[in-house]
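Visitor: predicted model, plus sequence, below.
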Amino acid sequence: MISSTKIIIVVMLIILSAFFSGVEIALFSVSRLRVKHLVKKKVRGAKDVENLKDKPQRLLITILIGNNVVNIGASALATSIVFEFTESFAVSITTGIMTLIILIFGEITPKTLATKYNEQIALVVAKPLEFLQIVLFPLIVIFEIFTNMLTNISGQKPRPLVTEEEIETFVTVAEKTGQIKDIEKKMIHRIFKLDDLQAKDVMTPRNKIVSVSIDTQIKDVADFFHSKGYARLPVYKESLDHIKGFVHVIDLQKVILHKGDEPVSTIMRPTLFVPESKKLDSLLRFFQRRKQHMAIVVNQFGTNTGLVTLEDVLEEIVGEIIDETEKIEPVIKKISERSYLVQGRADIDEINDKCKLNLPEEKAPYSISSYILDKIGRIPKEGEIIKLPKCEIKIKSMEGNSINIVVLTRRR
């Protein structure tokens, strides 16, 4: 074989080396989410890319076999060319020259281009690579078996394709680049927090439950609904320890004219009970399955400790929902340059954001009232001042043993 023919073959092998190097970067750097989007839009070649990425181990083995074969072939052929001119130091000369050529033209350049144009390259090369997998199938299977044996020995579990943290990072980047709005980013982040929150974290505590006795007449309950503006009210017998059901304003409207003197028990619906520890994502599905909007929360001893609604769960995703009958009371209200009127249920995270503080958040959600109780280890008194390194908190009002409103003053 004359040297010119060998040189042409070496050049072709280097081009193939560049092909395999570029293909590796292009296919592995295109995200699965992007590929699925392209498949959905029926972009040509997208389905082939998806098929390849469904078996990443097989794809990598195919590329490595191809790349190593052409690199070894190019180096061997280049050595024979040098031998035609000189036998002295032929191997050393070839090794030095071919290493430099393959590094520049077979690795760095194609991989740089593939990083920049990964999607376009992936769509073009997917079909030829699928054909190569068919040709090399017996050899690929042997390498797969050997690789799986080593993987099983190491005992490492396969990593999830996409983690929660990666999705949250992706969403944050998408918001910064203008792909989604800030409110959409916050909602997505909140959805991921649902399985970290429990019913007791969002419930209305027992001492704030508005309810009616089972013996109350329907007409009196109607007046109560009108004055309070609620859609549903729990119905109890003797005390809140014995909640028997709930009454819906729609049921009440249907009978108010001809059954006004009857007890509310005649239109009472059965209520749901959930444990304090029930996760919010599970609670949301529970409400959907039962087609109800309200449940009574019980502790491990079976004692009623609060009330939770579908609205409470949804507010953890979309933020506070203001009903048309509700009086809008800001959770945090600025009253001077450094002072804020803060409701006891206000979340530390929100306080840090609006009051420009950095109070530690032990858990989510973590209210200012919980923060104060953890700090002083007792029930505070109305008018008491708690001094902290970064701020001063004055207890403005209490509701029984619960902190209702505080005045938070940021230090200079």
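Guide: Cool, the structure landed.
Visitor: outline the domain layout of the protein.
Guide: Under the assignment automatic domain parsing, the domains of the chain span 3-154, 164-196, 199-318, 332-410.
Visitor: rebuild those domains as TSV, extending it with mean pLDDT.
Guide: Output for the domains of the chain, formatted as TSV (pLDDT from 0 to 100):
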stretch	mean pLDDT
domain 3-154	88
domain 164-196	86
domain 199-318	91
domain 332-410	87
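Visitor: which residue ranges form the helices in the stretch 1-150 of the chain?
Guide: For the stretch 1-150 of the chain, the helices defined by DSSP state H, counting those that start in this stretch cover 3-29, 32-40, 46-53, 56-85, 90-101, 109-116, 118-135, 137-154.
Visitor: please work out which of those helices is packed deepest.
Guide: Stretch with highest mean neighbour count among these: helix 46-53 (a mean of 20; mean count of other CB atoms under 10 Å). C-beta: built from backbone N, CA, C; applies to glycine.
Visitor: what does that helix contact?
Guide: The contact list for helix 46-53 (CB atoms under 8 Å, 6 or more residues apart in numbering) reads 27, 30, 32, 35-36, 38-39, 59, 122-123, 126-127, 129-130, 133.
Visitor: of all the helices of the stretch 1-150 of the chain, which lies closest to residue 340?
Guide: Nearest of the helices of the stretch 1-150 of the chain to residue 340, taken as CB to CB: helix 32-40 at 41.3 Å.
Visitor: chain center to the closest one, what's the gap?
Guide: 19 Å (CA atoms, centre = their mean, to the nearest Å).
Visitor: how much space separates the closest residue to residue 399 other than its chain neighbours from residue 36?
Guide: Nearest residue to residue 399 in three dimensions, chain neighbours excluded: residue 207, at 7.2 Å (CB to CB, 6 or more residues apart in numbering). Taking CB to CB, to the nearest Å as the measure, residue 207 and residue 36 are separated by 50 Å.
Visitor: I figured residue 195 hits residue 279, correct?
Guide: Yes. If you go by CB atoms under 8 Å, residue 195 and residue 279 touch, sitting 5.2 Å apart.
Visitor: residue contacts, the residue lying closest to residue 202 once chain neighbours are set aside?
Guide: In space, and not counting its chain neighbours, residue 202 is closest to residue 312: 4.5 Å by CB to CB, 6+ apart. Residue 312 makes contacts with 202, 203, 204, as judged by CB under 8 Å, 6+ apart.
Visitor: residue 281 too?
Guide: 194, 195.
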